[in-house]
Structure formats: C-alpha cells, structure tokens
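Participant: The sequence isn't on hand, but the structure is:
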C-alpha cells in the first residue's frame, strides 16, 4: 500500500488547508455581513414607512382627511408606494392606488400593540410589497397599512452585497498571497537542509550545520549523530580490511619465495596467481590508507584532468596503432570517488577500447540526477549480447591472441558498485562497443 500512495507536498498541503480556511472564513463573514446589511436596509425602509404610519395616525386623531397626507412618493400612481386606512366599512387610500387595494398575504404577528409591525403583500397590479401595519384602538378601531415596493429593499441590498462580494474577493486573494509567502518562508529551512544534505553526500562537508530553527534542530541533531555513527562504522570496517590485508602479506611473501624454485612451479602458473593476490592485497591496503587520510567525507575527483593524463599515457602505449582518443568531458565535472580507484576504472575501460578499436576511441561524460555517466566507445568489432555477458566474468577472454588477463571489466564493475554505481555494455554509434560507467557526482 505504501508504494501506491502518491507523495504529497508539504507546501501543497499547507496551501490547500489555508485555502479551505480562508474560503470558509470569507463565506461565514459574507453571510454574517449579508444578514447585517439586510437588517440595516430593512430598518431604513421600515423607518420611512413608520414615519408615514405616524403621520396617518396623527391625522386620524386630529380629524384631518388622510388624503391630504399624500406626500411624495405616495402621491405618484403606480410605483408601489401606497397606504390604506381601514375603519369599519370605510377604506381611505392613497392617490397612488387609484382605487386599488393592498392585499396582505402575511400580516405578521402583532407582538407590540400600539406600534407598527411588519407584513408583506401585493398591490393592485400584483407587485410584491413590503408593508408596515398599525392597529389603532378606539371606539371605532382603524387599521393603517403603509407599503413600499419590494425592490426598494432588494435593490440597495443587491448593490451592497455586490460590493461586499468584490471586497471579500480582493481580501481573499490578498490573504492567499500572504499565506503563500508565509508557507514559502516557513519551509525555507527545509530547502536549506536539503542543500546541506546534498553537500554532505557530495563530500563538500562532513556534517549538517547545527544552526537550525528549533522545530528541525532535533532532526538535524539525529542526522549528525547518524553521520557520525556511519563514519565510525566505516572507519572500523576499513581498519578490519587493512588488518586482514596485512595479515595476508606475510603468507603471500612466503609463497612467492617458495614458488621462486622452478622445480615447485615449472610453468609459473602458481607464481602468477600469487602475484595477482599480492597485487590485490596491496591495492586494498592503499585504499584503506587513502580512506583513513581522507576522513569520513568521500573523495572529490575531477574527470577531465585524469582522462587527459590517461590519454597521454595510452597514446604512447598504443602508438603503433595510431588510435585517436577524443575526450568530451566538461572541466567542472567531478565524481565522488578516490582518485586511484577512478584511474583504475578509466584505465581498464580506455585501454580495452584502444586494444579493440580500428582507429578511434571516444570518451564522453554527463551529469544527471546526482550521478555522472561516463561513456567509452570505440569503432572496433563490438560485442553481441551473449559475448557481452561473458566478458563480465573474471578471467574470461574472448580472444586469447590479444594481451590481457580478463580481469579489467569485472574489476571495474566491482569498484563501480562499491561506490554505488554500475557498468553497462552496449552498441556504439561508432560501430564498436560502448561501455557506460556510472558513478556518484
């Protein structure tokens, strides 16, 4: 299941959470402000209607004809502003009604007698109305209804909500921009930590700097403790290799002296085996000594100078063939490898290419994804797939007429794998063999 779960970015998760929270806050704020605006606009409209209700009640109590109270906008026909006074069977209307009636569909509860209460209804042309109703007690009770078009409530509210939505949208964008900057600033120490770890891996430093924010300082401390422990374990392993190699030197020297007698080794085969064993022991001794001097950090060896020196040496060795060795390697390209091991690997590959080429050898190198790929190609006969797998076996040679012992490619593969790299064989566009060596950058 762990392999099928996609990797998620902390940055994406934080931004997604911030987006959800900001949107939720804006929605809640928009709803709350919308309710407040509705109450405010309705209060303004109710206040205007109540003023007319009070004027009509005062006119009734003073005996003034209500028709004389048709102040604007109640004097204009058709706009929806209207009033009625119902007393017994008599109904007095504003001039705007033109003989029509206000039909209340929801008279609303009369919670406070003697004060206007809200209601809704329709006008003579079925236009929706917002009304205020007041029941005036007395010997002949009267009902005063004052109404306004519903658009007087919805229009200002729509304009206010449109402006509110625009303002909240701009505010949301500003908040998201600020949160994105905050997330980037907050995750910056992790970016620096990744660069520090890359420096440790490439050998430019031995430990991660301890000067870190409090939240990741414990992680850095554990990383440094792990690096120190690995360095100690590696040092002990190198010490064991050196001790083993030293322990083998004396028996090998004894065997070499014993086999110097032609009677004990007539064809010299055993002596060659002992010499090969002695060469390997010395090689590992040199590696252990170089590692001890280099400390826990890996070596950092540039490619171009080593290849230039190698070309100069092999050009003289294979002078009779007149092979041309082309090197296309950037000057700044380096590998995380001991110089002696790199010389042995490149020497095996380029020397093998010079032995089998017709006239040309090409060496190229590129860096990608933390690794360096070195390609050694020649224009010789090349290898078929079966032969390519056979030459990787120790001591296996396809042509006994060509000088060599058959250990070059296997030793190169062993050294490359020791550094976490690898070796591959393929067909070159020059016509011959292409050997790909991969080492850590």
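Facilitator: It's in. Computed from a predicted structure; not experimentally measured.
Participant: what's the spacing between the residue nearest to the spatial centre of the chain and residue 16?
Facilitator: By C-alpha atoms, centre = their mean, the chain has its centre lying nearest to residue 9, at 4.7 Å. Going from residue 9 to residue 16 by C-beta to C-beta, to the nearest Å gives 10 Å. Any C-beta I mention is one placed from the backbone N, CA and C, and that applies to glycine too.
Participant: Residue 24 now?
Facilitator: Separation of residue 24 from residue 16 (C-beta to C-beta) stands at 13 Å.
Participant: Let me know the pLDDT of residue 203.
Facilitator: pLDDT for residue 203: 67.
Participant: so which helix or strand takes in residue 45?
Facilitator: Here residue 45 sits within helix 10-62, counting by DSSP states H and E.
Participant: Show me what that helix packs onto, helices and strands only.
Facilitator: Counting contacts by 3 or more C-beta pairs under 8 Å, 6 or more residues apart in numbering; DSSP states H and E, helix 10-62 packs against strand 82-87, strand 128-136, strand 142-149, helix 151-202.
Participant: Distance to residue 419 and mean neighbour count added to those, as CSV?
Facilitator: Putting the helices and strands packed on helix 10-62 into CSV (distance: least, C-beta to C-beta, whole Å; neighbours: other C-beta atoms under 10 Å) gives the following:
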stretch, distance to residue 419, mean neighbour count
strand 82-87, 95, 22
strand 128-136, 84, 21
strand 142-149, 86, 24
helix 151-202, 12, 14
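Participant: tell me the domain boundaries of the chain?
Facilitator: 13-156, 217-294, 301-440 (automatic domain parsing).
Participant: By mean pLDDT, show me the worst of those.
Facilitator: domain 217-294 has the lowest average pLDDT among the domains of the chain, namely a mean of 73.
Participant: circling back to that earlier point, so which of the domains of the chain gets nearest residue 192?
Facilitator: Closest of the domains of the chain to residue 192 is domain 217-294, at 10.5 Å (criterion: C-beta to C-beta).
Participant: Figure out how far stretch 8-26 is from the centre of its chain.
Facilitator: Averaging C-alpha positions (C-alpha atoms, centre = their mean, to the nearest Å) puts stretch 8-26 14 Å from its chain's average.
Participant: how about it: buried residues?
Facilitator: Residues 14, 15, 18, 22, 26 are the ones in stretch 8-26 that count as buried (16 or more other C-beta atoms under 10 Å).
Participant: And the furthest pair within those residues?
Facilitator: Across the buried residues of stretch 8-26, the longest distance by C-beta to C-beta is 18.4 Å; it joins 14 and 26.
Participant: Report the buried residues of stretch 31-44.
Facilitator: 33, 37, 41.
Participant: what's the answer for stretch 323-333, then?
Facilitator: Neighbour counts over stretch 323-333 (16+ other C-beta under 10 Å) mark 323, 325, 327, 329 as buried.
Participant: Tell me the one of the residues you listed nearest residue 244?
Facilitator: Closest to residue 244 out of these is residue 329 (36.1 Å), distances taken as C-beta to C-beta.
Participant: shouldn't that closest one be in contact with residue 303?
Facilitator: Yes. Under the criterion of C-beta atoms under 8 Å, residue 329 makes contact with residue 303 at 5.1 Å.
Participant: what bridges to residue 103?
Facilitator: In this entry, residue 103 is beta-bridged to residue 122, by DSSP bridges.
Participant: give me the number of residues near it?
Facilitator: Look at residue 103: counted by other C-beta atoms under 10 Å, it has 12 neighbours.
Participant: got the contact list for it?
Facilitator: Residue 103 makes contacts with 121, 122, 123, as judged by C-beta atoms under 8 Å, 6 or more residues apart in numbering.
Participant: out of those residues, who has the most neighbours?
Facilitator: residue 123 (23 neighbours).
Participant: who's in contact with it?
Facilitator: By C-beta under 8 Å, 6+ apart, the residues touching residue 123 are 80, 82, 97, 100, 102, 103, 129, 147.
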